[in-house]
Structures are given as C-alpha cells and as structure tokens.
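Visitor: I would like the atomic coordinates for the input below:
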Amino acid sequence: MKKNYLLSMFFLGAIFTLSAQEEPKKAVELNEVAIVKTKKAIEQKADRTIFDFSGQPSLNSGSVLEGIKKLPGLIASDVAGMMYQGKQLDVFMDGRPLNITSNELNSFLEGMPANAIEKIEIITQPGAEFPATSGGAIMNIITNKNAKNYLSATYTNSTNFTSYDHLRWRINNSLLLSAKNKYFGWQLNVGQNYRESAVWTSLTTKENNTTSILSITEADRFGRTNFAKSALTFDIGNDRLLFNYDVNYSNNNSNTLGNGPGFNTNDDSFTDALRQDFVVTFQKKFEDKSKKLDFKFNYNSNQNDFTLNSRTNNIAILDNASTQRLYNAKFDYSQPIAFSDEGKISFGGLYEALLFETQNMEIVNLDYQRKTTSAYGELQSKFDKFNFIVGGRAEDYNITGKTNTADLIPFKQFRFFPNASAQYNFSNSVYFNVNYNKKISLPSTSALNPNNTNYQNPNIDYSGNPNLQPTIFDNYEAKLSAFDYAFIGYNVSSAQNQVINRVLLTDDVVENTNINVPQIKIHNFNVGMPIPYMLFTEGLKETMKMNINPDKMNFLYVYTAYQFHQIPEIKTNGFWMFNLMSQIVLPKDIKFVANFNYIMSKGNYFYFIAEKPFNNTLDLTFSKKFFKDQLSVSISADDIFNSNRFVFSSVGTPLLLANKNDTRRFGFSINYKIPTKNKLAKEDPNLLNKEKKEEGGNILNQ
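Guide: Numbers count the residues shown, from 1 in each chain. Got it, this is the predicted structure:
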C-alpha cells in the first residue's frame, strides 16, 4: 500500500511538472473542423466535482441511491445521513432543493432509476448565488436532457435480482421523448420502478460481558414508483420562457417480523407519497451573450401517508400523514466587468415560504411555517494566473410553529454569509484553490416531523424533533487539482448546533431521533489519482508522451481519505476511506469496470462508532455499445462477496446496532436510442450553439 501511495504521489508530481510546459506552436492549414464533445466520467472544477451518470454503466444500472453510494468520497448511511468529503450534503434535483432527508430521502432516491440521471454535481464550495441554507455542500442531481431539432426517443430498461435467501426482483423502464423546432421545444420522460428488497436488523446491549437482545427484525419490502418529467420552452423574440412539471408517486409496503424479550410481532406498513413540482422561468436575452437575467417561480408539494398495522392483533398501530407546500420566487442577474479578463458581477434576490403540517391519527400535531427573504452579490475576476471570487448573501428568517401541546421555539434572525475563493492556475489543467464560506442549514421537515414514519415495536421508537434549531457552518478548504481526475485536498467544517441522528436507550426502549449538538468540527484529508496501467509497462516517460484520455484507456483510479469528527465532550477517533476503480477496455470494445469501496472500523461517525468496516463492497460491470452507439448493454454484479453491512455502537450507551440489506445484486441494463423517421432528422449546422453550450440548447430548468 505504501509503495502504491508513493507511486501515486510521484505521478501527480510528474503531471504537475509536465503540464506547465507548453508545446511549440505550429502553423497548420485547417480545411474542415469537426467538434465533438466527449463527456468526462469525472470532472473537477474550482467549486464542484461532476460525475457523469448517463455514460457510466457501472453507476446507472440500478437505482439512484445505489449509484450514489459508489461515488468516491461519499458516505450514504441509513443511520447517519449523507456526507461528501466530510461535508453534510443538501440534496437538490435540477437545481432545486428536495427539502427531505434521512429515510424519506433514501426511499425517494431508491425509487428513482439511475438511468434517468444525466449527471450529478457535488458543489463543495457553494457561492453566494446558492441559498445560504445549503449548509456544507450541495449534491445536485441533474435529470435534464437536450432537445435537438427533431424528434428523438430513448428507451431504457434495468432488470436486477438479489438472492440472499430467495430471489427478489428490481425492474425499471423509462421512455424519453424530446423535440425542438424554430418556435418551441418539449420533452417528456415517463417511467416506472418496481423493487423487492429485504433488511435484517438486530439491536443488542452488552454490559459486563453479557449480551442481551432487545429486538431482531426481518423486513420484506416492496416499492412501486411511477414518475413523469415534462418540459416546454418557447422562444419569445430573443427571450425564452420555460415550463417544467414533475410528478412522482410511490406506493410502498413492507412486512416486518420482529421478536424480543416478551414479544413477537408481525406487522404490515404502507406508504403513499406524492411529490409534484412546477417551475416557470423567464430568461431575458441580451446582445451581449455573457449577460444573464432570469426570473423563476417554483411551487412544490409533498404529501405522505404512513400506516403500520398488526397482523397478530388486527389493529392499526400507527396512522401518520404530512403535507408540505413550498413557494419560491427568485431572480438572478450577471454581466461581465471591463477591468478583468473573464470577470463578472452577479446579484439576485429570493423569497421563499414553506408550510408543513403533520397528523397523527387525524389529529394535527405540528403546524410549521418558515419564511426566508434574501439577496446576494458576488464578484468574479481574473488577473494573470489568479482567479478571485468574493461575495456575500444576506438572509432574513422567520420560523414559527406549534405542536398540539406547545409553541415551537421561534427563530427570527437576520444574518450575513460571506464567501471568498482564490485560485492560482499553473496551467489550463492544473490549479490550486483555497476557499472559505459561511452557511446555514435549516432542519429538514422530515427531521422535524414528530411522528414515526418508519417502524416500531415494543422496544423500538422512531420520532423527529420539532424544536430543532438551525446549524451555522464555517467551511474552509484547500485543494490542488490536475487534469480533472487527480487532486489532493484538505477541508474543515466547523458547525454550531449541528443536527445529528442520535440513538439512545431508555428503559430497554431504543429511541431514534434528531438532536442539536452545540459544536462539531469535521476534518477531511483526501487524495484522488488515476494511474494508467501502461505506466507499469511503458514507463513514465513514454506514458507522458501519450494523449491521455482516462475515459478511453486502461487505468486504476485510487481515492483515499481520512476523516475525523471532533466533538468536544467525547473522545473520538478518525477513520480511513478507500475507493479503487479499475477500467479495462477488452477486445471488441467491451468495457470492464471494477469498483471497490472500504471504510475502516473503530472510527467515530458523529455519535456512532463503526464496530466493523462498512461500505465494504466489490462491484463489477461489463458494457458494450452496438449499432453505431444506438444500443448500450451492460451486465452488472454488485457486492459480489455480500460483505456490505453496518455494525455500529452508540456513544454513551451499551447499544450495538447491526443492519444488513440484500445488497448482492445481479442484472443487466439496456439503453436504446430509437431511430425516428423524420424529415428534420438531419442536424442543421446553423443550429449549433455559438455560446459555448451544448448543442440544441437545454430545454429544462436548472
């Protein structure tokens, strides 16, 4: 391991040195130029990392959640949330917050097929243009596609099965239709997802070398999701008007067998979730194409109903419901500045209102309102080899509410959130970046919900906390990046009133809820490095002569990170994370990808201690394209050793929590671009975008 690490660092140094050398320019005559845009599997930018999903069969063969868990540096834990390189993630879809976390978020992402996703941006340094409520970092799931000037159709299917104790199937289908003409463009993406899964959970205590069982459960789950995403855009003179409407309906049920001291249970749970999202955007166009003025209005609603019934006693144990409505209006303006190359100034404003209501047995037990008014300004400039960003965002919060027994603690504050970034460019492909930003994270409604929307038995209770307070973050980061793929970085996030998941034991009842922790610091050191296999056969000198394209060559991508959660009142230990991704192009252009993840044990993940390694999985994918790339086929096998499990203890308690899902999965996926007979099927070269955007223009909102 040490030898590989030294070799990786040596390779990074070689890239750094050679990239600074410019090749001599030669005069050539160009008769014809064909520009082809090739997607990169991973793209490093100053403020974000972009992962391509649409072109990566190793990521898009299952659900979105399964694909996300394979991303290097990302932890997606059922007990402690989602984090990237030490930063808690706020999850967006197509540029808009989902406003859900924990189990609801996992269920939503599990019900969406990964082949409906184009790419995922993880914005590690969100600037002033993003809401200050984005917290430490943003994961933006982008489903947008481009409409060409003729009808295009793409069908995708993914069929998988697991076989832990017996066969369980997971099937999804989707159809994408889009077209564009002189006056308007449209897109419709419809699909369904059916999934069978299982989870085995045990809760035990260990005191004085004596182990006692509190609860053992076995759950068979069935998920059904139907979705439709639609878009329509009109060109009004030089301006553009866009409409987006998305609807997602899930109907899930589960049968759970439980046993513990003095009880045996047999329960059925049912969850109905309807999510609707409507956006209208007006984009003002200027003669100066670098100017931008957007007006956007967004309405979003989420309705959830959860019931838990006992087969044994034939009674309803839980009957909970929630309704969330969000209204958002914003504008953004930017224009170049004359005194700086590639510089611009941006400013904008936002007003947002969120209304959330929960019911228990048809009795309203939480009425929550949140109103946010904000404005921002940001300046970007470039001088010689330096890039600078300085900005600030002012936000005013008015958060009130009440339960059926008392009023909530109000949060009425005005706050200012600065951000600053400086970058030195050694070359076009190598740069060093330092960044600071101050952010806030408002508790999600799923964390506030006082009702149990998961499962319970006599020894297990889940509930939210309506009195959670916002979290204030100070985020610092330094990173050296080379050629999109290689980087070395360090960041620290200091949080006040951090919202975390806490599991406690009271009178043999396990209580799972959320609390505010006064102060937490998270330190994260990470290194990512592609190592071409030809480096070992041809040597470094010959390798550097090649036109290296990691998307087309045989290589090993190595990612490692050390993360340390610093909590003042307890002694904590850090943990190492490893991700190895190997790509080999076999004969007949068959691409083989192996992905290995491993997180070491004995480290603290907030108030949890990993008693065994977790995210421990080996995934394999074979893929090939046919018929001039119209048909893509992949065969995958995830967690082939069935080693991915979570075993955690909870600080301050004798609890041991063990969780095993049926993560060993086998299946195939196809993506077929259906030929369409249309007189306009030939691209018009005059429609090629002259604004350095993707051809055809994006008809969906971001």
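
Visitor: please count neighbours and contacts with C-alpha atoms only from this point.
Guide: Fine.

Visitor: restrict stretch 235-254 to CA atoms and write it as PDB.
Guide: Taking Å, rounded to 0.1, in the frame of the first residue of the first chain, the C-alpha atoms of stretch 235-254 are listed here in PDB:
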ATOM      1  CA  ASP A 235     -38.700  31.400 -27.800                       C
ATOM      2  CA  ILE A 236     -40.300  34.900 -27.500                       C
ATOM      3  CA  GLY A 237     -38.100  37.000 -29.800                       C
ATOM      4  CA  ASN A 238     -34.700  36.700 -28.300                       C
ATOM      5  CA  ASP A 239     -36.000  35.800 -24.900                       C
ATOM      6  CA  ARG A 240     -37.100  32.400 -23.600                       C
ATOM      7  CA  LEU A 241     -40.000  31.100 -21.500                       C
ATOM      8  CA  LEU A 242     -39.700  27.700 -19.800                       C
ATOM      9  CA  PHE A 243     -42.300  25.500 -18.000                       C
ATOM     10  CA  ASN A 244     -41.400  22.400 -16.000                       C
ATOM     11  CA  TYR A 245     -43.800  20.000 -14.300                       C
ATOM     12  CA  ASP A 246     -42.600  16.900 -12.500                       C
ATOM     13  CA  VAL A 247     -44.700  14.300 -10.700                       C
ATOM     14  CA  ASN A 248     -43.500  11.300  -8.600                       C
ATOM     15  CA  TYR A 249     -45.900   8.800  -7.000                       C
ATOM     16  CA  SER A 250     -44.700   6.000  -4.700                       C
ATOM     17  CA  ASN A 251     -46.700   3.200  -3.200                       C
ATOM     18  CA  ASN A 252     -44.600   1.100  -0.900                       C
ATOM     19  CA  ASN A 253     -45.400  -1.700   1.500                       C
ATOM     20  CA  SER A 254     -43.400  -3.900   3.900                       C
END
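
Visitor: buried stuff in that stretch?
Guide: By neighbour count on 16 or more other CA atoms under 10 Å, the buried set for stretch 235-254 is 240-254.

Visitor: all strands for the stretch 201-350 of the chain, in order.
Guide: 210-236, 239-260, 263-284, 292-310, 315-336, 344-360 (DSSP state E, counting those that start in this stretch).

Visitor: likewise for the stretch 351-500 of the chain?
Guide: Using DSSP E, counting those that start in this stretch, strands in the stretch 351-500 of the chain cover 363-383, 386-403, 411-425, 430-441, 460-462, 471-482, 486-506.

Visitor: can you put the ones you listed in a markdown table and add mean pLDDT?
Guide: Shown next, in a markdown table, are the strands of the stretch 351-500 of the chain (pLDDT from 0 to 100):
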| stretch | mean pLDDT |
| --- | --- |
| strand 363-383 | 94 |
| strand 386-403 | 94 |
| strand 411-425 | 93 |
| strand 430-441 | 91 |
| strand 460-462 | 89 |
| strand 471-482 | 91 |
| strand 486-506 | 91 |
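
Visitor: let me have those strands in a markdown table, extended by distance to residue 229.
Guide: Formatted as a markdown table, those follow (distance: least, CA to CA, whole Å):
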| stretch | distance to residue 229 |
| --- | --- |
| strand 363-383 | 28 |
| strand 386-403 | 31 |
| strand 411-425 | 34 |
| strand 430-441 | 28 |
| strand 460-462 | 33 |
| strand 471-482 | 33 |
| strand 486-506 | 32 |
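
Visitor: make CSV out of the ones you listed and add mean neighbour count and distance to residue 560.
Guide: Output for these, formatted as CSV (neighbours: other CA atoms under 10 Å; distance: least, CA to CA, whole Å):
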stretch, mean neighbour count, distance to residue 560
strand 363-383, 19, 32
strand 386-403, 19, 28
strand 411-425, 17, 24
strand 430-441, 22, 19
strand 460-462, 17, 34
strand 471-482, 22, 14
strand 486-506, 20, 10
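
Visitor: what's the spacing between the residue nearest to residue 376 when sequence neighbours are not counted and residue 291?
Guide: With sequence-adjacent residues excluded and distances taken as CA to CA, 6 or more residues apart in numbering, residue 376 is closest to residue 393, at 4.2 Å. As for residue 393, its distance to residue 291 is 21 Å (criterion: CA to CA, to the nearest Å).

Visitor: ok, residue 127 next?
Guide: 19 Å.

Visitor: okay, the two: which has more neighbours?
Guide: More crowded of residue 127 and residue 291, by other CA atoms under 10 Å: residue 127, with 29 against 16.

Visitor: what's across from residue 121 in the sheet?
Guide: residue 50, residue 140 (DSSP bridges).

Visitor: wait, it touches residue 44, no?
Guide: No - assessed by CA atoms under 8 Å, residue 121 is found out of contact with residue 44, at 9.9 Å.

Visitor: name the residues contacting each of the two.
Guide: Residues touching both residue 121 and residue 44 (CA atoms under 8 Å, 6 or more residues apart in numbering): residue 50.
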